[in-house]
Structure formats: structure tokens, C-alpha cells
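> test case, fold it:
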Amino acid sequence: MNLPTILVGLAVLAVFTAVVARGIYNRRHGKGGCSCGSSCGSCPSCGTRRAK
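Next comes the predicted model:
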């Protein structure tokens, strides 16, 4: 096997894992990807809004 290829693959895997982990962290702490400025309760287009 080619050592540089393995190292680049591990670097890509580390970046991917970090991005996914950060997304999970943000979701669990109420920092969703919605663009309404952290006030998703009043945003009609937010997908996290619960129907009453």
C-alpha cells in the first residue's frame, strides 16, 4: 500500500467525522441549521417547529 494515500484518506476521514460530530452536537444543543437567527419558535419556515 501507498503510505501517502493512507494518510490522506485518514485526514479526509477525520475531517468528515469532525463535521458530523459538530452537526450532532449543534442539534442536541438546539443550534439547528435554520436561518432564522436562533428563534425557530417564531419562524414559519423552520422544519423544527412543532405543530400545536
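> give me the neighbour count for residue 23.
Per other C-beta atoms under 10 Å, the neighbour tally for residue 23 reads 13. Bear in mind the C-beta positions are built from the backbone N, C-alpha and C, glycine included.
> tell me the secondary structure at it.
helix (DSSP: H, G, I helix; E, B strand; the rest coil).
> distance of it relative to residue 2?
31 Å (C-beta to C-beta, to the nearest Å).
> pLDDT score for residue 30?
For residue 30, the pLDDT comes out at 77.
> where along this structure do the helices fall?
3-28 (DSSP state H).
> could you list the low-pLDDT ranges of it?
32-52 (pLDDT under 70).
> ok, residue 3 - contacts?
By C-beta atoms under 8 Å, 6 or more residues apart in numbering, residue 3 lies in contact with nothing.
> residues near residue 24, how many?
Residue 24 has 10 nearby residues by other C-beta under 10 Å.
> noted, bye for now.
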